[in-house]
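[1] Fold the following for me, if possible:
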Amino acid sequence: MHARCMIEQFVEMNEREADEKVIAESLIDWNTGRIGMELTASQLAIEAATAAADKKAKDIKILDIESLTPMTDCFVICSASSSTQVEAVARAVEEKIESLGIRCRAREGLSEARWVLLDFGDLVVHVFRPEEREFYNLERLWGDAVEVPFEA
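    The predicted model follows:
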């Protein structure tokens, strides 16, 4: 009798967990990584830029590149004066965007912290040391992009 009761509880628990998983999965858009929130790419970029500004990132630019490439909709480009600050800015941005229910698809450069790229699908964030930013000059490369107004 006792074993049967335990089996019934186990089955009940698994059914409940399966139901919760189905509900959670129905809220996730697996193409964008979004969970239930509908923010535009520009709104998301402003959130990322604000998180970067909170960590004292400099020369923050938001570029709307949606009409120029299918790869993403917006770039946030900013500078940080040291490797430690590059890491801090990147982590703050990632935490902020993930708190909005959007997962980071890829992150590159965190170990060297000279140029960190965070890919959130509709938004890509670039955190540079000043030398790398000057060298790669993404603003010139994407010169046809529309700059989204942002003030820290």
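[2] List the strands paired with the one helix or strand residue 116 maps to, with their directions.
    Using DSSP states H and E, residue 116 sits within strand 115-119. When sheet partners are counted by DSSP bridges, strand 115-119 sits next to strand 106-108 (antiparallel), strand 123-128 (antiparallel).
[3] send the alpha carbons of that strand over as CSV?
    Only the C-alpha atoms of strand 115-119 are listed here, as CSV (Å, rounded to 0.1, in the frame of the first residue of the first chain):
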residue,chain,number,x,y,z
TRP,A,115,36.4,43.7,-27.4
VAL,A,116,33.5,41.8,-26.0
LEU,A,117,30.5,40.9,-28.2
LEU,A,118,27.2,39.9,-26.7
ASP,A,119,24.6,38.5,-29.2
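[4] could we number from 37 for the rest of this?
    Shifting the count to begin at 37 puts that one at strand 151-155.
[5] Can you give the distance from that strand to the centre of its chain?
    9 Å (CA atoms, centre = their mean, to the nearest Å).
[6] what does stretch 94-104 give?
    Centroid displacement of stretch 94-104 relative to its chain, using CA atoms, centre = their mean, is 15 Å.
[7] Contacts for it, please.
    Residues outside stretch 94-104 that contact it (CB atoms under 8 Å, 6 or more residues apart in numbering): 77-78, 81-82, 85, 88-89, 108-117, 169, 174-175, 178, 180-186, 188. For glycine as for every other residue, the C-beta is placed from the backbone atoms N, C-alpha and C.
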